[in-house]
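1. Generate coordinates for the sequence data below:
(2 chains)
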Protein chains: 2
Amino acid sequence: MLEVSEAVDLIERHVGNFGTENIPLVAAAGRILRQAVDAERALPPYDRVMMDGIAVRHGEGRVFQVLGAQRAGMPAQRLDRDDACLEVTTGAVLPEGADAVIPVERLIRNGDTVTLEDGYVMEAGQFIHRRGIDCQQGARLLDPGLRLNAPALAVLAGNGCANVEVAKVPRIGIVSTGDELVAVDAPVREWEIRASNDHAIAGALRARGFDDVSFDRIVDDLDATVATLGALLDRCDVLVLSGGVSMGTFDYVPRAMEALGVTRIFHKIAQRPGKPMWFGVGPRGQRVFALPGNPVSALTCCVRYVVPALLSAQGLLAKERFTVRLDAEVALIPTLARFVPVRVHHDQAGQALAHPLPMPTSGDFNHLATTHGFVELPKGERAPPGTHAVFHGW
Amino acid sequence: MLEVSEAVDLIERHVGNFGTENIPLVAAAGRILRQAVDAERALPPYDRVMMDGIAVRHGEGRVFQVLGAQRAGMPAQRLDRDDACLEVTTGAVLPEGADAVIPVERLIRNGDTVTLEDGYVMEAGQFIHRRGIDCQQGARLLDPGLRLNAPALAVLAGNGCANVEVAKVPRIGIVSTGDELVAVDAPVREWEIRASNDHAIAGALRARGFDDVSFDRIVDDLDATVATLGALLDRCDVLVLSGGVSMGTFDYVPRAMEALGVTRIFHKIAQRPGKPMWFGVGPRGQRVFALPGNPVSALTCCVRYVVPALLSAQGLLAKERFTVRLDAEVALIPTLARFVPVRVHHDQAGQALAHPLPMPTSGDFNHLATTHGFVELPKGERAPPGTHAVFHGW
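-> Down below sits the predicted model:
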């Protein structure tokens, strides 16, 4: 049976990529950048006024005749006199010839003249952002592999990128298997269970921007499984199945995969929950993740394996996971890695603390909604309070 | 001038709410739940088989005749004999009369009989999840105020909520002001600046699910400002402006607001950046946030004030902010609170560390894209390394 790290390595080796597309900036929030962005111009692109007030030639003068206004958005005007000024607004070009800005709060206005406040002393260059102090034209601003958050979108806008090259979002088919499953809006009989894995998997994927998902359900029958999966392999880049991969006579997924030419990369990982996980690659390079059917197992495997693989394929550089400290003991398993649901909070000193909430059974979704994610713990006997562990958020 | 906490309190007092709507579960990922959810049935709803294998009446027997199969999704069958068994699959109902499950790995099959592995000892109740051990029918599972993540979506699906009551998403008008601004796809002259605040603000809002945003731009003219803002007040729940609120002769926003019957709640906060921020409430209860025009100021104020206010109005309970520890000194300001951009990472012990990156100028968006958010620091002289501060992510 594979170790967790071996399974991750095998998936990463087959992760491929979904290509890129050029989209309008207004549609790019949250997408993964796949181009570099360099400064279109120096920033500021001109000597820029920092305050509303007046622009002057610095010196001993205290009274200035107002010759006009240099507002933001106007080409630079010229100021040649020491006893005169131009009104200026924040963001305006500094008038040619001027070399100081005096804020409006320090001025007394009287008709066409302004007088400096008593005791106010001006300095050359004050309240001026000089051209290029923030960055020079051509400087590298954004590298590929960044998720486009608010500041990155502003950089794109500010540097003339009306369109942007981003990672394509794969078409993902989510498939639930099991004769016992009924839909959320159907009557449910005592021996049946409402399907919930598909909604959980879609939720975890949508939270990362993977919103091109479809839902299918297949019963425990080889022919039906082959037919449905074959159609999905034709139109999807990725399949995420839950159920049908354990040891039983009626688990048709691995056999259907073989019939459809999907190469098995591995089956089973030394972990709890999620031991029966299966991963394969289809004839066109489709990635097929077949997760166990237990709800906790399915979501844990989705977050631990499927999500990082899809983000790698999109070229995202930053990892979502981080280290936390357990605030209570967790019993470990000598032969299996263990994933334990936790609540995480940061204390007043900035320490990330994880409170473990082992689920009564791996079918217990109901209590999972009170947790933020899970920690990954190695094989062993026990993890005492204070143990450091990697946290993965739902 | 208001303190940061006073401004937050005033906004919270006028935050209102956007009402609720009932939407299909498949569209609910990331939305804010506004109903309670109780367990539709006990979980598990029946005594549930945990492993693929056989169900038996526990005892001394070691060879069992296979009478049939109890698969997941079948109503409970009956087992009356001690020398016989039913094949069972994971998730199936335990057959009536059976009280133990033996995993397939421990069996030797021979035609219609199975024999237990040498030395295998069964126990009553083994590999059975008893009805109701996870939760009882009617137990409270989800409370209002939760953002619908993957496990919460599964709880809704598993408990028959095909439709769900969630907070409405407000219509938000994003408005940039300033004659110097040109659009991302237009030619830019030396004295002009590409508009970027609108994209940054939209990015921060969209990242929290506020995706019903429109973009407008107004020039520095009172009549034009009144006309555009009037039309937006008619069709929006929230306006987020940037620019036009500082001290200058040409800052028309506060005057336009007065003309449109928008009540000013406050103007100016003792903070850097973002001192000129303005907040008001329109005749229909529209919330109007007028942020300073400098890019760093605009985004900082959006994340510090607009985002938490909108999330409060939606009823979200969990706060996004958390405490971090500074890894370098920051110069403070005796008279103003300070917001400083930072990169955050968790070290190997789970300590959240913030590396401050004060921007060269408050117009410098370009370097902001390398940060994760900002920390909030009080008035003072200096914050030495090790200082704890509240972090707000972009």
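
2. right, and A:Ile174 touches A:Ser214 too?
-> Yes. Here A:Ile174 reaches A:Ser214: they are 6.8 Å apart, a contact under Cβ atoms under 8 Å. All C-beta atoms are positioned from the backbone trio N, CA, C, and that covers glycine.

3. Those two: who's more crowded?
-> A:Ile174 (24 against 14; other Cβ atoms under 10 Å in any protein chain shown).

4. So the more buried one versus A:Ala202, what's the distance?
-> Distance of A:Ile174 to A:Ala202, given as Cβ to Cβ, to the nearest Å: 6 Å.

5. what sits in contact with each of these two?
-> Residues touching both A:Ile174 and A:Ala202 (Cβ atoms under 8 Å, 6 or more residues apart in numbering or on different chains): A:213, A:215.

6. can you pull out the helices in the stretch 1-150 of chain A?
-> Listed in chain order, the helices of the stretch 1-150 of chain A (DSSP state H, counting those that start in this stretch) span A:4-13, A:150-158.

7. The longest one - what's its average pLDDT?
-> Going back to what we said before, that points to helix A:4-13. The pLDDT scores in helix A:4-13 average 98.

8. what about the residue lying closest to A:Ala259 once chain neighbours are set aside, neighbour count?
-> Ranked by Cβ to Cβ, 6 or more residues apart in numbering or on different chains and with sequence neighbours excluded, the top spatial neighbour of A:Ala259 is A:Val226, at 5.2 Å. A:Val226 has 18 neighbouring residues, counting by other Cβ under 10 Å.

9. Ok, A:Ser312 next?
-> By the criterion of other Cβ under 10 Å, A:Ser312 has 17 neighbours.

10. Okay, and it sits in which element?
-> Taking DSSP states H and E as the definition, one finds A:Ser312 inside helix A:307-314.

11. Using TSV, lay out the helices of the stretch 1-150 of chain A together with distance to B:Glu376.
-> Listed next are the helices of the stretch 1-150 of chain A as TSV, based on distance: least, Cβ to Cβ, whole Å:
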stretch	distance to B:Glu376
helix A:4-13	37
helix A:150-158	17
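
12. Now for A:Val114: which residues touch it?
-> Contacts of A:Val114 (Cβ under 8 Å, 6+ apart): A:54, A:63-64, A:66, A:85, A:107-108.

13. what sits opposite it in the beta ladder?
-> Assessed by DSSP bridges, A:Val114 has beta-bridge partners A:Phe64, A:Arg109.

14. Against chain B, how distant is it?
-> A:Val114 sits 12 Å away from chain B, taking Cβ to the nearest Cβ, to the nearest Å as the criterion.

15. Might you list the low-confidence residue ranges for chain A?
-> Along chain A, the parts satisfying pLDDT under 70 run over A:246-250, A:360-363.

16. How much space separates A:Pro334 from A:Ala383?
-> When A:Pro334 is compared with A:Ala383 (using Cβ to Cβ), they lie 13 Å apart.

17. Just want to know which of those two has more residues nearby.
-> Neighbour totals were compared for A:Pro334 and A:Ala383, and A:Ala383 leads with 21 against 7 (other Cβ under 10 Å).

18. Now the more buried one: closest residue in space that isn't a chain neighbour?
-> A:Val330 is the one closest to A:Ala383 (Cβ to Cβ, 6+ apart), at 4.5 Å.

19. Now for that neighbour: which residues touch it?
-> Counting by Cβ under 8 Å, 6+ apart, A:Val330 makes contact with A:338, A:340, A:356, A:358, A:377, A:382-383, A:387.

20. Tabulate those residues (JSON lines), appending secondary structure.
-> JSON lines is the format used below for the contacts of A:Val330 (DSSP: H, G, I helix; E, B strand; the rest coil):
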{"residue": "A:Arg338", "secondary structure": "strand"}
{"residue": "A:Val340", "secondary structure": "strand"}
{"residue": "A:Pro356", "secondary structure": "strand"}
{"residue": "A:Pro358", "secondary structure": "coil"}
{"residue": "A:Leu377", "secondary structure": "strand"}
{"residue": "A:Arg382", "secondary structure": "strand"}
{"residue": "A:Ala383", "secondary structure": "strand"}
{"residue": "A:Thr387", "secondary structure": "coil"}
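
21. Of these, select the buried ones using a ChimeraX command.
-> In ChimeraX syntax, the buried subset of the contacts of A:Val330 is picked out as below (16 or more other Cβ atoms under 10 Å in any protein chain shown):
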select /A:338,340,356,377,383,387
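
22. Contact partners for A:His345?
-> So A:His345 contacts A:352-353, A:355, B:322 (Cβ under 8 Å, 6+ apart).

23. What count of nearby residues applies to A:Val327?
-> For residue A:327 the amino acid is Asp, not Val. A count of nearby residues for A:Asp327, using other Cβ under 10 Å, gives 18.

24. Look up the closest residue to it, ignoring the ones flanking it.
-> In space, and not counting its chain neighbours, A:Asp327 is closest to A:Leu353: 4.8 Å by Cβ to Cβ, 6+ apart.

25. Neighbours of that neighbour, how many?
-> If you count neighbours by other Cβ under 10 Å, A:Leu353 ends up with 18.

26. which other helices and strands contact the helix or strand harbouring it?
-> According to DSSP H and E, A:Leu353 maps onto strand A:352-356. Contacts defined by 3 or more Cβ pairs under 8 Å, 6 or more residues apart in numbering or on different chains; DSSP states H and E place strand A:352-356 against strand A:322-326, strand A:337-346, strand A:388-393.

27. Looking at the ones you listed, which is nearest to B:Asp237?
-> Shortest distance between B:Asp237 and the helices and strands packed on strand A:352-356, using Cβ to Cβ, is found for strand A:388-393: 30.1 Å.

28. So what are the structural domains in chain A, by residue number?
-> Using automatic domain parsing, the domains assigned to chain A come out as A:4-19+A:168-314, A:21-42+A:135-167, A:48-129, A:322-393.

29. and the first one, how far from the chain's centre?
-> Spelled out, that is domain A:4-19+A:168-314. How far domain A:4-19+A:168-314 lies from its chain's middle: 22 Å, per Cα atoms, centre = their mean, to the nearest Å.

30. for the third one, same thing?
-> Relative to its parent chain, domain A:48-129 has a centroid offset of 45 Å by Cα atoms, centre = their mean.

31. Give me the distance between the two termini of it.
-> End-to-end distance for domain A:48-129: 5 Å, by Cα to Cα, to the nearest Å.

32. do the shortest one as well
-> Counting by Cα to Cα, the length from the leading to the trailing residue of domain A:21-42+A:135-167 is 6 Å.

33. Also stretch A:304-321?
-> Stretch A:304-321: ends 10 Å apart by Cα to Cα.

34. Assign a three-state SS to A:Leu205, would you?
-> Per three-state DSSP, A:Leu205 ends up helix.

35. which residues touch it?
-> When contacts are counted by Cβ under 8 Å, 6+ apart, A:Leu205 touches A:172, A:174, A:211, A:213, A:240, A:302, A:306-307, A:310.

36. pretty sure A:Ser312 is in contact with A:His14, am I right?
-> No. Look at A:Ser312 against A:His14 with Cβ under 8 Å: they stay out of range, at 10.6 Å.

37. And the strands in the stretch 1-150 of chain A, which stretches?
-> For the stretch 1-150 of chain A, the strands defined by DSSP state E, counting those that start in this stretch occupy A:20-24, A:37-38, A:48-49, A:53-56, A:63-70, A:84-88, A:100-103, A:107-110, A:113-116, A:128-129, A:140-142.
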